[in-house]
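J.: Return a 3D structure for these sequence lines:
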Amino acid sequence: MNNAQMQNAREFLSLLSSGSGVSGYEVSIASLVRERFIMLTDEVYSDTFGNVYALKKGKSLSCKKIMLAAHIDEIGLIVNTIDPRGFLHFTSIGGVDQRTLLSQEVLIHGRQVIPGIIGALPPHLLKNDDSDQAVKMEDLAIDVGLSPAKINEVIQVGDIITLKRETYPLLNNVMAGKSFDDRAGVVVMMVCLEELSRLQHTHDVIAVATTQEEVGVRGARTSAYTLNPDLAVAIDVTHASTPDTKGQVTIELGKGPAVAFGPNIHPAIFRHFSETAQEHRLSIQIEPIPGASRTDAWAIQVSQAGIPTGLISLPLRYMHTSVETLDMQDVLDTGKLLARFISSLPDDLEGFLCY
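T.: Below is the predicted model:
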């Protein structure tokens, strides 16, 4: 079962990752989520903001509402100038790491999808004092191989650009690719829903694939206001250590999800996650967040009169690049922990409703 579940999770993540869905333009990714979640839940629907909701009903007629949230948008680029020679200049949507843009393959979503490459002056032509500097975004341009006249027929200022990257398997269930932030969180929700089909759970679960997180947690804000759930958990990614983090990051790949605590997190939810992990012998890592988490959890917590909110995060290397890297076992374990957290919630959530 675990091998089949692993393969299913890998395939779904690859499907989501290779799709294009910059903040505000998530419709194609939303369709993929709807197709998958409709097989696992009682009802799937969308709102006017593009959020996708998947309802899995609990066993109690007087149950509460548990909201799960993971965002489906990705960082990207947008055409802001087309020069007379036909080169496209651009700026970013979300926090694109401009150090990684040089030589990337891209797709321009104009009147038709046009492939391109991001280029800059070769090192041979650079001045000595520029040769060891990262190229700034304003000095980069996209070459699509078309004449200026043809470009004007198919591309215009304001067209969205996404990085072109297929997922790449590494050893030991490690994968690399783009937009794992936070489509891997959507895969976690899928695993959770699969697990819940084999577990008893009292409360209704609404898994929400949120939009426009990268530009201000907007989908989480609108969906949380709409649902006004009794309890919520956001699923996102967090920085995993690499040699260049030099001790600044303590979360490790392959050692389980990071469970957050701090003012953005309800203490009873953090405590229940910790107890659930211990009971089911699932490894977790503890992540203190002293202020705003800058995730969907931040928007959900302060929606309406306030919502008890938790945050569970996947360790991820090289965030906001096209080679984000994670351990698929962490994905499965996070989904399993989330399902057991939900199934073990008491009928009366009074202990979770105040500090």
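J.: partners of I161 in the sheet?
T.: Beta-bridge partners for I161, by DSSP bridges, are L77, I108.
J.: Can you verify my assumption that it contacts N80?
T.: No. Contact status for I161 versus N80: not in contact, 10.4 Å apart, counting by C-beta atoms under 8 Å. Every C-beta, even on glycine, is put in place using the N, C-alpha and C of the backbone.
J.: list residues touching both of these two?
T.: Both I161 and N80 are in contact with F90, where contact means C-beta atoms under 8 Å, 6 or more residues apart in numbering.
J.: tally of neighbours for the residue lying closest to M328 once chain neighbours are set aside?
T.: Using C-beta to C-beta, 6 or more residues apart in numbering and skipping the chain neighbours, the partner closest in space to M328 is N173 (4.4 Å). N173 has 17 neighbouring residues, counting by other C-beta atoms under 10 Å.
J.: the more surrounded of I161 and N80?
T.: A count of neighbours by other C-beta under 10 Å puts I161 above the other of I161 and N80, at 28 against 13.
J.: roughly how far apart are the nearest residue to S283 once chain neighbours are set aside and V191?
T.: Excluding the flanking residues, the one nearest S283 by C-beta to C-beta, 6+ apart is G256, at 3.4 Å. Distance from G256 to V191, counting by C-beta to C-beta, to the nearest Å: 14 Å.
J.: likewise L227?
T.: Using C-beta to C-beta, L227 is found at 22 Å from V191.
J.: Q301 versus the nearest residue to I75 once chain neighbours are set aside, what's the distance?
T.: Using C-beta to C-beta, 6+ apart and skipping residues adjacent in sequence, the residue nearest I75 is G94, 3.4 Å away. Plainly put, G94 is 22 Å away from Q301 if you go by C-beta to C-beta.
J.: swap in G50?
T.: Distance of G50 to Q301, given as C-beta to C-beta: 22 Å.
J.: How about M175?
T.: Plainly put, M175 is 31 Å away from Q301 if you go by C-beta to C-beta.
J.: Same check on V79?
T.: Remark: distance between V79 and Q301 (C-beta to C-beta) = 36 Å.
J.: Looking at those two, which is more packed in?
T.: Q301 (23 against 20).
J.: Identify the residue spatially nearest to the more buried one, adjacent ones excluded.
T.: Counting by C-beta to C-beta, 6+ apart, Q301 lies nearest to T309, which is 4.1 Å off, once chain neighbours are set aside.
J.: correct me, but the one you found touches A297?
T.: Yes. T309 is within contact range of A297, at 5.1 Å (criterion: C-beta under 8 Å).
J.: which residues are common contacts for the two?
T.: Shared contacts of T309 and A297, defined by C-beta under 8 Å, 6+ apart, comprise 232, 234, 264-265.
J.: who wins for neighbours among the residues you listed?
T.: Using other C-beta under 10 Å as the neighbour criterion, A234 leads the shared contacts of T309 and A297 with 33 neighbours.
J.: wait, that one sits on A69?
T.: Yes. Between A234 and A69 there is a contact under C-beta under 8 Å: 4.8 Å.
J.: got any residues that touch both of these two?
T.: Counting by C-beta under 8 Å, 6+ apart, the contacts common to A234 and A69 are 220, 296-297, 300.
J.: Show me these that map onto strands.
T.: For these, not one is inside strands, with DSSP state E as the criterion.
J.: and the residues you listed as TSV, adding pLDDT?
T.: Listed next are the shared contacts of A234 and A69 as TSV, based on pLDDT from 0 to 100:
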residue	pLDDT
A220	98
D296	98
A297	98
I300	98
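J.: thinking again about what came up before, neighbours around the residue nearest to Q301, how many?
T.: Neighbour count for T309, taken as other C-beta under 10 Å: 29.
J.: How about the contacts made by it?
T.: T309 neighbours (C-beta under 8 Å, 6+ apart): 231-234, 264-266, 269, 297, 300-301.
J.: just Q285 next, same as before
T.: Neighbour list for Q285: 250-252, 255-259, 315 [criterion: C-beta under 8 Å, 6+ apart].
J.: hmm, try it at 6 Å
T.: The neighbourhood of Q285, defined by C-beta atoms under 6 Å, 6 or more residues apart in numbering, consists of 251, 255-256, 258.
J.: Report the buried members of those residues.
T.: Neighbour counting by 16 or more other C-beta atoms under 10 Å classes 251, 255-256, 258 among those as buried.
J.: and the residues you listed, which of them are in helices?
T.: Residues of those located in helices (DSSP state H): none.
J.: okay, the residues you listed in JSON lines with pLDDT next?
T.: What follows is these, written out as JSON lines (pLDDT from 0 to 100):
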{"residue": "I251", "pLDDT": "96"}
{"residue": "K255", "pLDDT": "97"}
{"residue": "G256", "pLDDT": "98"}
{"residue": "A258", "pLDDT": "98"}
